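1. give me a 3D structure for the following:
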Amino acid sequence: MQERKPVYYSEYLQLPTILNAQAPESAKENIKADDEMLFIIIHQTYELWFKQILHELGIIRSVFKQDTIDNSSADIYNSVHRAKRIIKIMELMVNQMSIMETMTPLDFLDFRDLLRPASGFQSIQFKIIEATLGLAYDQRHGKGYYLSQLSQHDIDLVKQAESEESLLSLINKWLERMPYANDEQHWNQNDFWNQYETAYSNSLQESEKGNISTFRNLFIDANNYPEDRKMSMKACQNALFIILYRDYPLFHLPYELLSTLLEVDEQLGLWRQRHIHMVQRTIGKRVGTGGSTGAAYLKAAADTHYVFKELAELTSFLLPRNALPKLPDTLIKNLSYQ
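-> Model (predicted):
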């Protein structure tokens, strides 16, 4: 067996390539702009974290592409673990804005005009992250601007990502396969949901009674299920069922997964909001270097680019534990460790 060449730190990390990958435009023009180096390194760091997020999402998607997944399996645990890692990375990304904010508006103006028409909007990795999670093209704000600033090569990469099955779609299929809320071994057709509707209706204030028709359309009346929803009725039923009965052992990991996906959405929202405040602070009402409306564009996108919002909406239909329909003993046994 041939002896492996010793691994050397700087070669392993490709440090000569990484540390020589900063080429400030101000230096090319012989203009003094001390903060352009910070600006470059911050954005390069973001792109490295985006790459790691895509790596983790790829592993999670490979799990949910399987035809069957045991709810208490190592695969579910691994998916939760990696989703939590994504959250930690996103928390770091949000906090990293504070380093960028040490650059004052005047510091940025020293080199800002040299960057046109480059823009953070041209980060295809971030667009691919959104598409991989499940943000569809028809949900995007400013569709006409969305691809207009990209090279054809990058447009092709983004479109390829959008053509692949998203994590949202895979989670929907996984939820659909769960039998518990509608299993004929335990319930007659809609038996659980009719019981739940009665209990839910009794829990509402008079001003909330309008929620009943929404509940019926989402969980009982398939003919009136909203056509524009990304998750199916069966998936929504099972997601709510998991949330309601999360204390049973078999639902521990599925509940943690759903909760973690919502937190991924939350962290993306926090990152967008922090980005908005940073842009407002730095350029005010001026247009972005890529030609967008700057902070106004970012705000509109932040308000609409939530991937798992249909999961988040399920909290509108929760009941306290003491009001939940009692599960059949056979189902309780199935949801418990044998």
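
2. so how far is the first residue of stretch 17-37 from its last?
-> Using C-alpha to C-alpha, to the nearest Å, the end-to-end distance of stretch 17-37 comes out at 16 Å.

3. other residues contacting that stretch?
-> The contact list for stretch 17-37 (C-beta atoms under 8 Å, 6 or more residues apart in numbering) reads 40-41, 44, 103, 107-108, 110-111, 114-115. Backbone N, C-alpha and C define where each C-beta goes, glycine included.

4. return the member of those residues nearest to Leu311.
-> Relative to Leu311, the closest of the contacts of stretch 17-37 is Gln44; by C-beta to C-beta it sits at 33.2 Å.

5. what's the neighbour count on the closest residue in space to the closest one that isn't next to it in sequence?
-> With C-beta to C-beta, 6 or more residues apart in numbering as the criterion, Gln44 has its nearest non-adjacent residue at 6.9 Å, and that residue is Ala21. Neighbour count for Ala21, taken as other C-beta atoms under 10 Å: 11.

6. swap in Asp75?
-> Neighbours of Asp75 (other C-beta under 10 Å): 18.

7. that one sits in which helix or strand?
-> helix 74-100 (DSSP states H and E).

8. so which bits of that helix are buried?
-> By neighbour count on 16 or more other C-beta atoms under 10 Å, the buried set for helix 74-100 is 75-76, 79-80, 82-84, 86-87, 89-90, 93-94, 96-97, 100.

9. list the helices and strands that helix packs on?
-> Applying 3 or more C-beta pairs under 8 Å, 6 or more residues apart in numbering; DSSP states H and E, one finds that helix 74-100 contacts helix 36-64, helix 252-283.

10. out of the ones you listed, indicate the one that is most buried.
-> helix 252-283 (a mean of 18; mean count of other C-beta atoms under 10 Å).

11. just want the angle from it to helix 74-100.
-> Helix 252-283 runs at 20 degrees relative to helix 74-100, counting by axes from the mean of the first three to the mean of the last three C-alpha atoms, to 10 degrees.

12. can you give me the angle helix 252-283 makes with helix 36-64?
-> Using the same axes, to 10 degrees, helix 252-283 lies at 160 degrees relative to helix 36-64.

13. switch to numbering from 517
-> Got it, first residue is 517 now, which makes that one helix 768-799.

14. how far off centre is helix 768-799?
-> Its chain's C-alpha centre and that of helix 768-799 lie 8 Å apart, by C-alpha atoms, centre = their mean, to the nearest Å.

15. same check on stretch 847-854?
-> 32 Å.

16. what's next to that stretch, contact-wise?
-> 696, 699, 702, 761, 764-767, 843.

17. contact partners for the most centrally placed residue in the chain?
-> With distances taken as C-alpha atoms, centre = their mean, Asp781 lies nearest the centre of the chain, 4.0 Å away. Residues in contact with Asp781 (C-beta under 8 Å, 6+ apart) are 822-825, 828.

18. neighbour-wise, which of those leads?
-> Neighbour-wise, the contacts of Asp781 (other C-beta under 10 Å) top out at Val823, 25 neighbours.

19. quick one: Val795 from Glu617, how far?
-> 11 Å (C-beta to C-beta, to the nearest Å).

20. still on that earlier bit, for the residue nearest to the centre of the chain, which non-adjacent residue is closest in space?
-> Phe824 (4.7 Å).

21. mind checking which of the contacts of stretch 847-854 land in strands?
-> Residues of those located in strands (DSSP state E): none.

22. turn the residues you listed into CSV, columns for pLDDT, neighbour count and distance to Phe735.
-> Shown next, in CSV, are these (pLDDT from 0 to 100; neighbours: other C-beta atoms under 10 Å; distance: C-beta to C-beta, whole Å):
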residue, pLDDT, neighbour count, distance to Phe735
Tyr696, 82, 22, 14
Asp699, 73, 14, 16
His702, 73, 18, 17
Tyr761, 96, 20, 15
Tyr764, 94, 18, 20
Pro765, 93, 12, 25
Leu766, 92, 17, 21
Phe767, 93, 21, 18
Leu843, 90, 19, 17
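
23. look up how far Ile759 lies from the nearest residue to Asp763 once chain neighbours are set aside.
-> Leaving aside its sequence neighbours, Asp763 sits nearest to Arg837 (C-beta to C-beta, 6+ apart; 7.9 Å). Arg837 is 12 Å from Ile759, where distance means C-beta to C-beta.

24. so which of those two has more stuff around it?
-> Applying other C-beta under 10 Å to Arg837 and Ile759 shows that Ile759 carries more neighbours, namely 18 against 9.

25. helix or strand: which one has the more buried one?
-> helix 749-760.
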